[in-house]
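Enquirer: for reference, the sequence and a predicted model appear below.
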Amino acid sequence: MSFTSAPEPTLAQLGDIMLSEHWISTPWGSAPLSGAQWHASDQAYPTERIPVWAIVLAVVLFPLGLFFLLMKETRWEGWIEVTVRASGLAHTTRLPYTPAASAYVAQTLAWAQSRS
């Protein structure tokens, strides 16, 4: 009679990379967390747009409302690319960029690197 140990619970997840106390799991397989190398790359870029409310005010308050078309809002778009390399495993995933996601990735990678 043989027994297998129960899988460890997932403690953190970065896209399709799942981390437990001692293991990294990806769609392509699993590897020990110990000795893993991590790399994160922020691929975010700012875009400027005229807000919808400024366009509405420009139309409603024409001709003085045209000054509202000078208003711009900056939005960040892009992704965060996370790569892990461990024994027999290399995997990259992309996460949509938000300031909160960037902070979460930094915190999770700091935790994972402290275990490596």
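Expert: Noted; the coordinates are in hand.
Enquirer: when you work out contacts or count neighbours from here on, use the C-alpha atoms and nothing else.
Expert: OK.
Enquirer: quick check: the residue most central in space within the chain vs Tyr104, distance?
Expert: By CA atoms, centre = their mean, the chain has its centre lying nearest to Leu95, at 3.5 Å. Using CA to CA, to the nearest Å, Leu95 is found at 11 Å from Tyr104.
Enquirer: can you give me the buried ones in stretch 83-95?
Expert: Thr83, Val84, Arg85, Ala86, Leu89, Ala90, His91, Thr92, Thr93, Arg94, Leu95 (16 or more other CA atoms under 10 Å).
Enquirer: now that stretch: mean pLDDT?
Expert: Averaged over stretch 83-95, pLDDT sits at 94.
Enquirer: can you give me the end-to-end span of that stretch?
Expert: Start-to-end, stretch 83-95 (CA to CA) is 11 Å.
Enquirer: picking that back up, touching, the residue nearest to the centre of the chain and Ser102? I think so.
Expert: No. Judged on CA atoms under 8 Å, Leu95 makes no contact with Ser102 at a distance of 9.1 Å.
Enquirer: find residues that contact each of these two.
Expert: Ile80 (CA atoms under 8 Å, 6 or more residues apart in numbering).
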